[in-house]
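Provided below for reference: sequence and predicted model.
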Amino acid sequence: MTRHFLSLLDLSHDELQSLIRRASELKRMQHRGEIHTPLKGKNLGMVFEKSSTRTRVSFEVGMSQLGGHALFLSPRDTQLGRGEPIEDSAKVLSRMLDIIMIRTFEQEKLELFAAHSQVPVINALTDRYHPCQLLADMQTYAEHRGNIQGKTVTWVGDGNNMCHSYLNAARQFDFHLNIACPEGYDPEPDILEAAGERAKIIRDPLEAASGADLVVTDVWASMGQEEEQALREKAFSKYQVNDELMAQAEKDALFFHCLPAHRGEEVTASVIDTPDSVVWDEAENRLHSQKALMEFLLLGR
């Protein structure tokens with residue numbers, strides 16, 4: 001049966017834990033200069049409807065390092081941007097490619113594509129979820145602090161696709177999530193409710209950060225929300241990760257940001273640019289965790 005990765009819920013707790021361990025193993029192998037090409041002859045299609053830096057580079061380089069080949073497919077250069085039905089594109093592409101990643105707007109579009117694909121489909125970001133980033137985040141936490149089970153994570157900012165993915169991660173990795181967001185910017189009720197007692201909204205960001213082992217944020221205005229920038233700057237003005245907020249967290253608390261970061265908005269330079277900042281490890285781990293994911297989906301290991 002073809003396995004897809006459309007959200008963190010598509011893999012079991014044990015599969016996710018195994019994948020994180022494998023990602024760190026692949027990272028060590030790559031840092032030692034070992035050649036590991038189990039995906040020789042395999043082709044990855046990369047469908048981008050949203051712009052990207054880390055996602056494109058990490059998937060393209062990752063597939064190359066595993067011995068395969070990656071094709072960049074933009075709506076501007078393919079029939080995808082000219083109204084071909086998603087079902088038709090999925091049927092055709094999945095007969096030629098071995099695995100497909102899609103970065104798009106609607107989760108429904110991704111799910112429709114996957115329903116008509118013969119090969120694994122990976123969610124490389126939608127407006128609802130960003131599960132690949134969570135693989136990298138969980139790998140980064142494990143490498144620096146060990147098991148995240150039972151820990152407290154504080155999300156500061158918009159109840160967006162990253163927040164939704166952290167809610168799913170709270171379920172799958174068994175940690176507690178405090179969500180500090182202004183009214184009107186809550187996560188989707190169904191995703192929040194599904195997390196049950198593992199998640200709660202706390203309007204006061206300082207209170208939400210109290211005792212946190214990990215503090216996470218994202219930009220105030222995501223792709224496609226640029227026209228809301230001024231409105232969002234006002235709404236989120238008190239939801240900045242700064243030294244005062246980090247002082248409420250545990251002494252050894254980590255700070256994560258999926259990048260790109262807007263210093264002076266959602267985070268201060270004093271937090272993100274500290275000498276021991278792990279956001280750069282977090283960014284690098286997109287490469288290793290996605291390699292582990294593609295190995296798992298294509299080889300079942």
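Arrived safely.

so who does His288 touch?
Contact analysis of His288 by C-beta atoms under 8 Å, 6 or more residues apart in numbering lists Ala23, Ser24, Leu26, Lys27, Gln30, Gly62, Ala136, Gln139. (C-beta placed from N, C-alpha, C; glycine too.)

could you count how many residues lie near the fourth one?
Each residue near Lys27 was counted by other C-beta atoms under 10 Å, and the total is 20.

doesn't it fall inside a helix?
Yes - membership of Lys27 in a helix is supported by DSSP: H, G, I helix; E, B strand; the rest coil.

ok, back up a step: which one (most neighbours) among the contacts of His288?
In terms of neighbours by other C-beta under 10 Å, the contacts of His288 top out with Ala23 at 27 neighbours.

my read: that one touches Gln139, true?
Yes - proximity of Ala23 to Gln139 meets the contact threshold set by C-beta atoms under 8 Å, at 4.8 Å.

gap between the most centrally placed residue in the chain and Cys258?
By C-alpha atoms, centre = their mean, the chain has its centre lying nearest to Gln133, at 2.0 Å. Going from Gln133 to Cys258 by C-beta to C-beta, to the nearest Å gives 5 Å.

against Ala235, how distant is the residue nearest to the centre of the chain?
Distance from Gln133 to Ala235, by C-beta to C-beta: 23 Å.

and for Gln290?
For Gln290, the distance to Ala235 (C-beta to C-beta) stands at 33 Å.

those two - which one has more neighbours?
Between Gln290 and Ala235, counted using other C-beta under 10 Å, the more crowded position is Gln290 (27 against 17).

in a strand, that's where the more buried one is, yeah?
No - counting by three-state DSSP, Gln290 is not found in a strand; it is helix.

surely it meets Gly62?
Yes - in this structure, Gln290 is within contact of Gly62 by C-beta under 8 Å, at 5.1 Å.
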